[in-house]
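I would like the atomic coordinates for the input below:
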Amino acid sequence: MFSKTRRTKTVVECSVNHGDDPSRHLFKLLDYVGYSHDIIAERRRVFHGIDATINNAREDEIVQVTAGSKAEGLASCFESDYDYVNIYRKMVCQFEIFTNMFSNDTTEFCMLGEACHPGHYTLKLLTRGVNLPKIIEASLVKQNQNGEIFISSDLFTKEFERTISFDSAGGWTKGTRTGPSTPSTRGIYRRDNVYAFRCVVQKEVLADWAKRRRLLVGHVLTS
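Below is the predicted model:
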């Protein structure tokens, strides 16, 4: 005969007959399933702490930042999807009027949005840092008769695909490129790495985005 298995049952009282605020019941339910405000905030804190520990131990010029649902606190560390933004410390993007703000080992790009969709920019090389990484050098192209140099997003990502070292010993294999991401997989796990530059004019970019031409929504709703 099989031994009897003791079963426990958790009863969540959701009735509002006791005069409690319905939002409190919702908060309790979210807490039970792992999505209360406090649990989400704690997940964010943990992932930010992991990023800080990894970056403090790194010796290169890249900062790794957890992104996506994990950074938002909506997914645990054991869920299958990992998203990372890897930011070059000494590469900056700005508008041309903000030049000469950094040291001579920083490479500066000018953001030009005239020929792009809203929120997108062409990056023109303004100043070349003294120790420009080879992968950046290989991604630069001349696009006009004035000799102006721009960086190609496509070449930049292809260079990473070609040169990046995947942790094959740890079971990670190279995945199929999707946009600017260089993905890798290990069984059910997927890791997306996007390499990027710092934007130091966020307020100006957001102001341009808010003032962009709209077909359906008026500026009064976004001001």
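
For D51, what is the enclosing helix or strand?
helix 37-57 (DSSP states H and E).

What are the boundaries of the helices in the protein?
Under the criterion DSSP state H, the chain contains helices at 22-32, 37-57, 68-71, 134-137, 153-163, 202-210.

Which positions within the fifth one qualify as buried?
Applying a neighbour-count criterion of 16 or more other Cβ atoms under 10 Å, the buried positions in helix 153-163 are F156, T157, E159, F160. Using the backbone N, CA and C atoms, a C-beta is placed for each residue, glycine as well.

In JSON lines, list the helices of the chain along with mean pLDDT and distance to R190.
Shown next, in JSON lines, are these (pLDDT from 0 to 100; distance: least, Cβ to Cβ, whole Å):
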{"stretch": "helix 22-32", "mean pLDDT": "80", "distance to R190": "27"}
{"stretch": "helix 37-57", "mean pLDDT": "92", "distance to R190": "17"}
{"stretch": "helix 68-71", "mean pLDDT": "91", "distance to R190": "11"}
{"stretch": "helix 134-137", "mean pLDDT": "91", "distance to R190": "23"}
{"stretch": "helix 153-163", "mean pLDDT": "86", "distance to R190": "16"}
{"stretch": "helix 202-210", "mean pLDDT": "77", "distance to R190": "29"}
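
Near P183, how many other residues are there?
19 (other Cβ atoms under 10 Å).

so it makes contact with N193?
Yes. Contact criterion Cβ atoms under 8 Å: P183 and N193 qualify, at 7.3 Å.

ok, longest strand in the chain?
Using DSSP state E, we find that the single longest strand of the chain is strand 81-94.

For that strand, report the contacting residues that lie outside it.
61-71, 75, 101-102, 105-111, 121, 123, 129, 131, 133, 136, 189-201 (Cβ atoms under 8 Å, 6 or more residues apart in numbering).

Give me the subset of those lying in strands.
62-67, 107-111, 123, 189-199.

rewinding a little: would you mind putting the helices of the chain into TSV with distance to D83 alongside?
Putting the helices of the chain into TSV (distance: least, Cβ to Cβ, whole Å) gives the following:
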stretch	distance to D83
helix 22-32	23
helix 37-57	11
helix 68-71	3
helix 134-137	21
helix 153-163	16
helix 202-210	20
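
what's the most buried one of the ones you listed?
Sort the helices of the chain by mean neighbour count, taking mean count of other Cβ atoms under 10 Å, and helix 68-71 sits at the top with a mean of 17.

Output it as PDB, restricted to C-alpha atoms.
The C-alpha trace of helix 68-71 is given here as PDB (Å, rounded to 0.1, in the frame of the first residue of the first chain):
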ATOM      1  CA  GLY A  68      15.100  43.400 -19.700                       C
ATOM      2  CA  SER A  69      12.700  41.700 -17.300                       C
ATOM      3  CA  LYS A  70      15.500  40.900 -14.800                       C
ATOM      4  CA  ALA A  71      16.500  44.500 -14.500                       C
END
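
Check which helices and strands it sits against.
Packing partners of helix 68-71 (3 or more Cβ pairs under 8 Å, 6 or more residues apart in numbering; DSSP states H and E): helix 37-57, strand 81-94.

can you redo those as JSON lines with distance to R177?
JSON lines is the format used below for the helices and strands packed on helix 68-71 (distance: least, Cβ to Cβ, whole Å):
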{"stretch": "helix 37-57", "distance to R177": "24"}
{"stretch": "strand 81-94", "distance to R177": "15"}
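
Identify whichever of those lies nearest to R213.
strand 81-94 (23.0 Å; Cβ to Cβ).
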